[in-house]
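Novice: give me the fold of what follows.
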Amino acid sequence: MILKLISFKIFLNFSFSFFRNIYKEQYFNYVMKKSVNKNFYFVFLGIFIIFLSMGFVSAGLLDNFWNKLTGKVVYSPNSMIAYYSFEGNANDGSGNGNNGVNRGATFTTGKIGQGASFNSGDMIKVTLTSPITSISTYTFSAWVKFDCNQNPGTHNILSLYSDAMSSDGGLHAMLVENNQLMYLRGWNYEPRANTEIDCSMVGDGNWHHIISGYDGSSSFIYVDGDSKSSVASDSYDFDGPYLGIGGGDWLSGGVDYGFNGMIDEVKVWNYVLSSSEITTEYNRGTSCIPSCSGKTCGDNGCEGSCGTCQSGQTCTNGNCVGNNTCTDSDGGLNYNVKGQTIKGSEFNEDWCGNSLLLREYYCSSNGNISAEFNHVCTNGTSCSYGSCGIYECTDTDGGKNYNLKGTLTQGEYSYTDYCGNSKLLTEYYCTNNGTIGQDYNHVCTNCTNGVCV
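Specialist: The predicted structure is shown next:
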């Protein structure tokens, strides 16, 4: 910027020097009683205005010249900033040269062609050719395939960040945190501008398309083409030049908050996609779009089902109709049996939030469906398959074994030891009473592929 200002000043000095010499010549003619061009003053003023206008135009031309000279990319309005298809590499397909550096991810069969597979300690880091420091709207997009149970704590899918995470706008991230899929904006700022959905909506081991971003007034999340969450929030500027895929390195220099799973077709835009554009992006990864909006039963349009009705009910126009009396197959607040609670077209099934927490549905005294959220399984029981029970806990590495990567299994849940970064290990083990134990952030000399080395 300083060099550009110096160049512009040189141009103006030359212009003023030129006009000063012309003026001196005409003034000399006047003093010596020589003829003076009568149109001199009008011509002088006109030429001066033209040169001044050229000066301002040259300032814009100078910007373009300077950007070409330094290799800086200027992103066009309403454009794609970066695109990664992961066809054997982390190169940018947007034309902006934002190629990534692969730090351990492997390329294998993805949603479209190949995709990138991450295992906690892996990431792809992009140093943007032109840092994003201030844009008012933006959109992230990615196909993801992962299991919520393999991503306890905090795990980064996509993020824009800086070296020093000290400012309010220091982080913009799509991540999994505490059994939630979250879009986070801000870092030290409280309350942080989050919008989130339950992890089970996307972390079921199948491919799902996620779009998140900010439209100038609200943060939002779309899943498989449908809007799932939108939260009003203030605007925060971006604070740095880095895009992290599958992790970040702003804390330790190693991989922070590493993701377990697969990511494909990552795209970043500097504007908000319209609903039709979001649908188009989703359609790129599927030839059929299941539709169960407003339905509880019947065909989903892709040879699948939106659900089945219970005994005594029939499916009419996508909804179960019939008996309007509340019924609960497990007899009420029965934590040891998985039940189904039905009233008219409303249907709920007991389910586990994790290996300890049960959501139990029952018929309340007024005849409506109620729920006890986050019931804690006690007395040595754990939650699996929608009920509290005694489920055998097994650990392939024999317990707290920091030098061997193990997988713990109990009921429907399975957890594998992983590295949070190059120093920190999360070790799963079976406790003495048969429940799941977790040694979170065990410090290693070096942590690689779920073991201390």
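Novice: beta partners for the closest residue to residue 434 other than its chain neighbours?
Specialist: Nearest residue to residue 434, sequence neighbours excluded (C-beta to C-beta, 6 or more residues apart in numbering): residue 393, at 5.1 Å. All C-beta atoms are positioned from the backbone trio N, CA, C, and that covers glycine. Here residue 393 sits in beta bridges with residue 410, as judged by DSSP bridges.
Novice: who's in contact with residue 393?
Specialist: Residue 393 sits next to 382, 408, 409, 410, 430, 431, 434, 435, 436 when contact means C-beta atoms under 8 Å, 6 or more residues apart in numbering.
Novice: quick one: it from residue 409, how far?
Specialist: Distance of residue 393 to residue 409, given as C-beta to C-beta, to the nearest Å: 8 Å.
Novice: then residue 162?
Specialist: Residue 162 sits 40 Å away from residue 409, taking C-beta to C-beta as the criterion.
Novice: host element of residue 277?
Specialist: Element membership for residue 277 (DSSP states H and E) is helix 275-283.
Novice: so which bits of that helix are buried?
Specialist: Residues 278, 281, 282 are the ones in helix 275-283 that count as buried (16 or more other C-beta atoms under 10 Å).
Novice: same question, stretch 385-396
Specialist: Buried residues in stretch 385-396, counted by 16+ other C-beta under 10 Å: 386, 387, 388, 389, 391, 393, 395.
Novice: render the CA-only coordinates of that stretch in CSV, please.
Specialist: Taking Å, rounded to 0.1, in the frame of the first residue of the first chain, the C-alpha atoms of stretch 385-396 are listed here in CSV:
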residue,chain,number,x,y,z
TYR,A,385,-30.8,-49.7,21.8
GLY,A,386,-33.2,-47.3,23.6
SER,A,387,-33.0,-48.7,27.1
CYS,A,388,-30.8,-48.9,30.2
GLY,A,389,-29.4,-52.4,30.7
ILE,A,390,-26.4,-54.5,31.5
TYR,A,391,-24.2,-54.6,28.4
GLU,A,392,-20.8,-56.3,28.4
CYS,A,393,-17.9,-53.8,28.0
THR,A,394,-14.9,-55.0,26.0
ASP,A,395,-11.6,-53.3,25.1
THR,A,396,-9.3,-54.7,22.5
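Novice: and that stretch, how far out from the chain middle?
Specialist: Taking C-alpha atoms, centre = their mean, to the nearest Å, the mean C-alpha location of stretch 385-396 is offset from the chain mean by 32 Å.
Novice: picking that back up, and the buried residues of stretch 385-396, which of them are in strands?
Specialist: Judged by DSSP state E, the buried residues of stretch 385-396 include 387, 388, 389, 393, 395 as members of strands.
Novice: pretty sure the last one sits against residue 430.
Specialist: So the one you mean is residue 395. Yes. With contact defined as C-beta atoms under 8 Å, residue 395 reaches residue 430; the gap is 5.2 Å.
Novice: which neighbours do those two share?
Specialist: Joint contacts of residue 395 and residue 430 (C-beta under 8 Å, 6+ apart) are residue 408.
Novice: from residue 160, how far out is residue 213?
Specialist: Residue 213 is 11 Å from residue 160, where distance means C-beta to C-beta.
Novice: give me the domain ranges for this structure.
Specialist: Using automatic domain parsing, the domains assigned to the chain come out as 2-70, 80-283, 313-389, 393-452.
Novice: what's the span of the last one, first residue to last?
Specialist: Counting by C-alpha to C-alpha, to the nearest Å, the length from the leading to the trailing residue of domain 393-452 is 23 Å.
Novice: so how far is that domain from its chain's centroid?
Specialist: Domain 393-452 has its average C-alpha position 27 Å from the chain's average C-alpha position, going by C-alpha atoms, centre = their mean.
Novice: and if you look at the longest one?
Specialist: How far domain 80-283 lies from its chain's middle: 3 Å, per C-alpha atoms, centre = their mean.
Novice: about what we covered before: JSON lines please, covering the domains of the chain and showing mean pLDDT and distance to residue 294.
Specialist: Below are these laid out as JSON lines (pLDDT from 0 to 100; distance: least, C-beta to C-beta, whole Å):
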{"stretch": "domain 2-70", "mean pLDDT": "51", "distance to residue 294": "50"}
{"stretch": "domain 80-283", "mean pLDDT": "84", "distance to residue 294": "12"}
{"stretch": "domain 313-389", "mean pLDDT": "87", "distance to residue 294": "6"}
{"stretch": "domain 393-452", "mean pLDDT": "92", "distance to residue 294": "30"}
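Novice: single out the most deeply packed of those domains.
Specialist: Per-stretch averages of neighbours, counted by mean count of other C-beta atoms under 10 Å, single out domain 80-283 among the domains of the chain, with a mean of 19.
Novice: got the domains of the chain as a markdown table, with distance to residue 298 columns?
Specialist: Shown next, in a markdown table, are the domains of the chain (distance: least, C-beta to C-beta, whole Å):
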| stretch | distance to residue 298 |
| --- | --- |
| domain 2-70 | 56 |
| domain 80-283 | 18 |
| domain 313-389 | 5 |
| domain 393-452 | 28 |
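Novice: how about the helix or strand in which residue 374 is found as PDB, C-alpha atoms only?
Specialist: Assigned by DSSP H and E, residue 374 falls within strand 369-376. Output in PDB follows, covering the C-alpha atoms of strand 369-376 (Å, rounded to 0.1, in the frame of the first residue of the first chain):
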ATOM      1  CA  ILE A 369     -47.000 -37.600  24.900                       C
ATOM      2  CA  SER A 370     -44.300 -36.400  27.300                       C
ATOM      3  CA  ALA A 371     -40.600 -37.100  27.500                       C
ATOM      4  CA  GLU A 372     -37.900 -37.300  30.200                       C
ATOM      5  CA  PHE A 373     -34.800 -35.900  28.600                       C
ATOM      6  CA  ASN A 374     -31.300 -37.100  29.500                       C
ATOM      7  CA  HIS A 375     -32.300 -39.800  32.100                       C
ATOM      8  CA  VAL A 376     -29.000 -41.100  33.500                       C
END
